[in-house]
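Asker: Show me how the following folds:
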Amino acid sequence: MRNNTGNKPILVLGGTGHYGRYIVRSLLEKGEPVRVLSRNAANARKILGDGPKIIEGDITSRESVVESLNGVKAVVISVSAFTPKLIRKLKLIERDSVLMVMEEAQKAGVSRLVYISVYDIREDLLRKLNIQFGSAQIKLEIEAALAKSEFNWTVLGAAPSMEIFFAMIRGDTMTVPGGGPPALPTVSPVDLGEIAAQTVLRYDLGGKRFRVTGPEALSFPEAAKRISDVTGKTIRFRKIPLLPLKIVSVLVWPFNPYLRYLLGFVKLMNNFPQDIAAQIPVDHQLLVETFDYTPTTLEMEARRRIELS
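Answerer: Here you go, the predicted structure:
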């Protein structure tokens, strides 16, 4: 059932981010008016072009949020503070500000909300790995708040971006702390953007949570081989121990907390539950049955990157 609330815009929060820019692009391709809240309008324009309306402001500012929500028909929340520059504001941006957005959206009469979360969250695994308050716990809290709300909400639990494979390649070597799990779900940002755009335009997906993944789970050695096959350049796989990263993260914690959060992500990645990985074909089939898109394989993503370079 399509969202037929006239020509009102859709607000994309985090619209210049890794996933957000593809959500904006997919909505614009569908002829939808899009609004983006950005701390730097000039930079947002460079990333997104002239298609969306850019409101310069900060998601941590109630005034900016109220302005950005005025007259919109739906909201997509794809915010992340998982960067060296923003990591000290993780709780403020990913939790406090998102809860404030939900509060103001209700006041503004906006009922449709799509939240980009993580693929799956297991509290027992977080405790086992001694991962303290971070992004995963925050997303648990936001999802719980949505479940209790009156929004027509949908959660998209996004697998790690396929960018994770390419980001670990330097020269002819893919270097992976811990080596990675036997199988890890990943998704092209193109697919996530398209699925999120279709989701926010439908009102029949309320109260649902989708795991958003590519067609298959891959290990890092297998990804290195497949990227090699596409590029024609042999990419060697190299596993490095986690201990040096652990030591450095402890030493620099007061000055650079980003490394501590990065270590938490790496630990979660290396311990990705393989029973969840075994469900990826089922999760992906549900996406194919629910949404109209052509899934991107790792090979397709590698070719896309070559074309863009």
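Asker: Only C-alpha atoms from now on, for both contacts and neighbour counts.
Answerer: Will do.
Asker: excluding its backbone neighbours, what's nearest Pro221?
Answerer: Residue nearest to Pro221 in three dimensions, not counting chain neighbours: Phe237, with 5.7 Å by Cα to Cα, 6 or more residues apart in numbering.
Asker: With Gly179 instead?
Answerer: Gly179's closest residue in space is Lys239 (Cα to Cα, 6+ apart), at 4.6 Å.
Asker: tell me the SS of Arg304?
Answerer: Following DSSP: H, G, I helix; E, B strand; the rest coil, Arg304 is assigned to helix.
Asker: where do the helices sit along the stretch 101-250 of the chain?
Answerer: 123-128, 135-148, 163-167, 189-200, 220-231, 243-252 (DSSP state H, counting those that start in this stretch).
Asker: Any chance of JSON lines for those, columns mean neighbour count?
Answerer: Compiled in JSON lines, the helices of the stretch 101-250 of the chain are given as follows (neighbours: other Cα atoms under 10 Å):
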{"stretch": "helix 123-128", "mean neighbour count": "12"}
{"stretch": "helix 135-148", "mean neighbour count": "17"}
{"stretch": "helix 163-167", "mean neighbour count": "16"}
{"stretch": "helix 189-200", "mean neighbour count": "24"}
{"stretch": "helix 220-231", "mean neighbour count": "18"}
{"stretch": "helix 243-252", "mean neighbour count": "14"}
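Asker: now the ones you listed as CSV including mean pLDDT and distance to Gly178?
Answerer: Converted to CSV, the helices of the stretch 101-250 of the chain look like this (pLDDT from 0 to 100; distance: least, Cα to Cα, whole Å):
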stretch, mean pLDDT, distance to Gly178
helix 123-128, 68, 17
helix 135-148, 92, 20
helix 163-167, 96, 14
helix 189-200, 98, 25
helix 220-231, 98, 11
helix 243-252, 60, 9
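Asker: So which of these is nearest Glu56?
Answerer: In terms of Cα to Cα, the element of the helices of the stretch 101-250 of the chain nearest to Glu56 is helix 189-200, at 22.4 Å.
Asker: returning to what we had before: can you give me the neighbour number for the residue nearest to Pro221?
Answerer: The number of residues packed near Phe237 is 20, by other Cα atoms under 10 Å.
Asker: Please give the number of neighbouring residues around Thr291.
Answerer: In this structure residue 291 is Phe, not Thr. Neighbour tally, Phe291, other Cα under 10 Å: 13.
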